[in-house]
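> Sharing a sequence plus its predicted fold:
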Amino acid sequence: MNYIELLKYTAKKFSSIVCMGLDPVIEDIPEKKGTPGEIIFKFYENILNALVKKKIYPGAVKPNYAFYAQYGIDGIAALEKVIRIYRETGIPVILDYKRGDIGKTAQAYAKEAFDFFRADAVTLSPYLGYDSIEPYIKNYPDKGYYILTKTSNKSSGEIQDVKTRDREFYLHIAEKLVEWYHPGIGSVAGATYPEQLKKISEIFLASGKEIPYLIPGVGTQGGSISDVMSVLNRYPDKTIHRINASSSLNYAYKKYTGMNYGDAAVQALSDMNLEIKNIK
């Protein structure tokens, strides 16, 4: 199946459009024995075991490359193992590494993401134009490619909101995604900017093409699930989209006192799944 089909299938299978970010912060991980890579792997393995035991799953997971790479080879090895065990459970894996290069360099990055890490999708920067996107689509046509469109960070407007031809730059990117369309082309648009998310969705909906969102920024960053769902509920099929939360799920044990970190992560995910379903 292609990536759009994978999103639809897993959203229905797991009854979730939540994407759980897997962003290890060693200082916040209760496990303390072993190398950083061993601690990270044990942490996410135990969370996965809790998910399987409770039969509560996210619609995808999103490990951020940098959180692992900071620990060198040990961290990279942990990333490969974390991706493997989550994919074996059938959960789509989005490798968040925001690459943005061209030619043979882009081909090499794509090979790393899809052949070595065996991810189902990646995040990419469009700053160099279609030359930085095409190698992924050409060589791995059944994968997913989330293009940075309107990101959730505070200073994103310094570039993304600059007007050219009387339209903000992020809207030009949205139009390019329609132009570049391939089943798997998606958009990264932050929950912290609901009005901009709505404007992007108007372009996508008018095109008639299925362009999935990866929406970061809810939870710790302050984005509102209700604001996001007010946009997603306009779509005939919401199962192609994923709403991401990382710290609020990974480290939910800080909120759900008395629970071990695995059970707390499952409870936080269950609560988020329920909140999304209850917003009409």
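Looks like it came in fine.

> Please, where are all the helices along the stretch 51-200 of the chain?
65-69, 72-88, 103-111, 134-139, 157-160, 169-179, 194-207 (DSSP state H, counting those that start in this stretch).

> would a markdown table of the ones you listed with mean neighbour count, mean pLDDT and distance to Leu51 be doable?
(Glycine included, C-beta is placed from N, CA and C.) As requested, the helices of the stretch 51-200 of the chain are arranged in a markdown table below (neighbours: other Cβ atoms under 10 Å; pLDDT from 0 to 100; distance: least, Cβ to Cβ, whole Å):
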| stretch | mean neighbour count | mean pLDDT | distance to Leu51 |
| --- | --- | --- | --- |
| helix 65-69 | 18 | 98 | 20 |
| helix 72-88 | 17 | 98 | 9 |
| helix 103-111 | 16 | 97 | 29 |
| helix 134-139 | 18 | 97 | 29 |
| helix 157-160 | 14 | 78 | 34 |
| helix 169-179 | 19 | 95 | 32 |
| helix 194-207 | 17 | 94 | 28 |
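
> export those helices to CSV and tack on distance to Ile276?
Formatted as CSV, the helices of the stretch 51-200 of the chain follow (distance: least, Cβ to Cβ, whole Å):
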stretch, distance to Ile276
helix 65-69, 25
helix 72-88, 20
helix 103-111, 32
helix 134-139, 29
helix 157-160, 26
helix 169-179, 23
helix 194-207, 15
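
> got the buried residues for stretch 109-119?
Residues of stretch 109-119 classed as buried by neighbour count (16 or more other Cβ atoms under 10 Å): 109-110, 112-114, 117, 119.

> first vs last residue of that stretch, how far apart are they?
12 Å (Cα to Cα, to the nearest Å).

> chain center to stretch 115-132, what's the gap?
How far stretch 115-132 lies from its chain's middle: 13 Å, per Cα atoms, centre = their mean, to the nearest Å.

> Tell me the one among the buried residues of stretch 109-119 nearest to Ile56.
Nearest to Ile56 among those: Ala119, at 22.8 Å, using Cβ to Cβ.

> where does the chain have low pLDDT?
Along the chain, the parts satisfying pLDDT under 70 run over 219-220.

> where along it do the strands fall?
Along the chain, counting by DSSP state E, strands occupy 18-22, 60-63, 94-99, 121-124, 144-150, 163-164, 167-168, 185-189, 213-215, 242-245.

> Run through the neighbouring helices and strands of the second one.
Counting contacts by 3 or more Cβ pairs under 8 Å, 6 or more residues apart in numbering; DSSP states H and E, the secondary-structure elements packed against strand 60-63 are strand 18-22, helix 72-88, strand 94-99.

> now do the last one
Strand 242-245 is packed against strand 18-22, strand 213-215, helix 261-277, with contacts defined by 3+ Cβ pairs under 8 Å, 6+ apart.

> Which neighbours in the sheet does that strand have, and how are they oriented?
strand 18-22 (parallel), strand 213-215 (parallel) (DSSP bridges).

> As JSON lines, those strands with mean neighbour count and distance to Ser201 would be great.
Compiled in JSON lines, the strands paired with strand 242-245 are given as follows (neighbours: other Cβ atoms under 10 Å; distance: least, Cβ to Cβ, whole Å):
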{"stretch": "strand 18-22", "mean neighbour count": "26", "distance to Ser201": "18"}
{"stretch": "strand 213-215", "mean neighbour count": "26", "distance to Ser201": "8"}
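
> could you dump the helices and strands packed on strand 242-245 to a markdown table with distance to Leu197?
Rendered in a markdown table, the data for those read as follows (distance: least, Cβ to Cβ, whole Å):
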| stretch | distance to Leu197 |
| --- | --- |
| strand 18-22 | 15 |
| strand 213-215 | 7 |
| helix 261-277 | 15 |
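
> Any idea which of those gets closest to Asp74?
Asp74 lies closest to strand 18-22 among those, at 16.3 Å (Cβ to Cβ).

> So which residues make contact with the closest one?
Residues external to strand 18-22 that are found in contact with it (Cβ atoms under 8 Å, 6 or more residues apart in numbering): 44, 58-64, 82, 86, 94, 96, 214, 216, 242-247, 249-250, 265, 269, 272-273, 276.
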